[in-house]
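1. Give me a 3D structure for the following:
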Amino acid sequence: MFVATLVASASMGQGDIALAADRLREAGCAPGDALWLDEGKAADLFFANDPVAARAALTDVGDKVDVVVQPVGGREKKLLIADMDSTMITVECIDELADYAGIKPQIAEITERAMRGELDFEGALHGRVALLKGLPDSAIDQCREERVVIMPGAKALVRTMKARGARTLLVSGGFTRFTGPVAEEIGFDAAVANVLEIADGALLGTVTRPIVDAARKRAELEGAIASGIDRALTMAVGDGANDIPMIEGAGLGVAYHAKPKTRAAAHAEIVHGDLSALLYAQGIASKEWSRG
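-> All right, here's what the predicted structure looks like:
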């Protein structure tokens, strides 16, 4: 048995669910019961077969409605592994840090191309960090305090999953000076990121090696699985090309407001809503979310 979870960024009605059921029926997926998780906001639609056809049939099923298709068994996950920049927070930290050096447009263009998979991630990282050489160390904390905003739904997602026994890991191609405080504020169990090299109160324009890249992100997922977490019970979420290996390797790999290559590689995508959609995808209604 499979389930399609429909999550509206605004609202939806019984007609949206009926339309979804009709599309599943036309695709040969044999739809069954439909149940509200939160009336007007999120609903589960169960069906018997062919999740690939179901996902295709439910594309653009409603006005700003995200759809996650997956097996019913194991939908509640025991591991969340998540990217940080433009996923758990609303900005790209290196771009914002570059603004304090007066070179944001130059660095932001490289970041965008790297996240689209048009540039080698490691080369792009080293190139961008080199341009920050000489920036005062104090700019990092100033940038974090002034620019970093937690993504809507992030705290509810992480804290609810932890409260229900899941492990949560933040993995970032960004920098520890950002991931440490962000992970603590959101509630992650642990964080992995790159280390900016600093001396005499200024950035040296380098990071320690080996870097946290796509391979390292996948390795962190595989390490968690090796520790005893069933792959089917893992969820990975990210937006950039360097998130693709971990997204492909997870039980449910989610592209969150993501670049085209990442969307194509993912099992599911969130285009309209915030990160709380991933709680609905696990069958968890809002009355069960942890908000503290």
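2. Which parts of the protein are helices?
-> All helices of the chain, identified by DSSP state H, fall at 14-26, 51-57, 93-100, 104-115, 121-130, 138-147, 154-163, 176-186, 214-226, 244-249, 260-265, 277-280.
3. Highest mean neighbour count across those helices, which stretch is it?
-> Compared across the helices of the chain, helix 277-280 shows the largest average neighbour count, a mean of 26 (mean count of other Cβ atoms under 10 Å). For every residue, glycine as well, the C-beta is placed using N, CA and C.
4. returning to that earlier point: quick one: which of the helices of the chain is nearest Leu6?
-> Across these, the minimum distance to Leu6, taken as Cβ to Cβ, is reached by helix 14-26, at 6.1 Å.
5. hang on, the earlier thing: Leu45: which of the helices of the chain is closest?
-> Comparing the helices of the chain by Cβ to Cβ, helix 14-26 comes nearest, at 5.5 Å.
6. For Gly13, give me its contacts.
-> Counting by Cβ atoms under 8 Å, 6 or more residues apart in numbering, Gly13 makes contact with Gly40.
7. For it, give its distance to Leu58.
-> Distance from Gly13 to Leu58, counting by Cβ to Cβ, to the nearest Å: 16 Å.
8. what's the answer for Phe2, then?
-> From Phe2 across to Leu58, the span is 11 Å (Cβ to Cβ).
9. Now the common contact residues for these two.
-> Between them, Phe2 and Leu58 share the contacting residues Val69, judged by Cβ under 8 Å, 6+ apart.
10. Where does the prediction get shaky in the stretch 151-292 of the chain?
-> The stretch 151-292 of the chain contains residues with pLDDT under 70 at 292.
11. Kindly recompute the last result at 80.
-> 291-292 (pLDDT under 80).
12. Same question for the stretch 1-150 of the chain.
-> Using pLDDT under 80, the stretch 1-150 of the chain has no residue that qualifies.
13. show me the contacts for the residue of the chain positioned farthest from its centre.
-> In the chain, counting by Cα atoms, centre = their mean, Asp200 sits farthest out from the average C-alpha position, at 35.8 Å. Asp200 makes no contacts at all, as judged by Cβ under 8 Å, 6+ apart.
14. how much space between it and Asp137?
-> Using Cβ to Cβ, one gets 9 Å for the distance from Asp200 to Asp137.
15. The closest residue to Val91 other than its chain neighbours and Ile225, how far apart?
-> Spatial nearest neighbour of Val91, excluding adjacent residues (Cβ to Cβ, 6 or more residues apart in numbering): Arg147 at 5.7 Å. Distance, Arg147 to Ile225, using Cβ to Cβ: 34 Å.
16. can you check Gly253 too?
-> Distance from Gly253 to Ile225, by Cβ to Cβ: 13 Å.
17. Next: Thr87.
-> 21 Å.
18. repeat for Ala156
-> 25 Å.
19. Kindly report the same for Ala48.
-> Ala48 is 29 Å from Ile225, by Cβ to Cβ.
20. can you check Asn194 too?
-> In terms of Cβ to Cβ, Asn194 sits 23 Å off from Ile225.
21. one step back: reformat the helices of the chain as JSON lines; add distance to Gly32.
-> Formatted as JSON lines, those follow (distance: least, Cβ to Cβ, whole Å):
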{"stretch": "helix 14-26", "distance to Gly32": "9"}
{"stretch": "helix 51-57", "distance to Gly32": "12"}
{"stretch": "helix 93-100", "distance to Gly32": "45"}
{"stretch": "helix 104-115", "distance to Gly32": "39"}
{"stretch": "helix 121-130", "distance to Gly32": "43"}
{"stretch": "helix 138-147", "distance to Gly32": "47"}
{"stretch": "helix 154-163", "distance to Gly32": "27"}
{"stretch": "helix 176-186", "distance to Gly32": "36"}
{"stretch": "helix 214-226", "distance to Gly32": "32"}
{"stretch": "helix 244-249", "distance to Gly32": "29"}
{"stretch": "helix 260-265", "distance to Gly32": "28"}
{"stretch": "helix 277-280", "distance to Gly32": "19"}
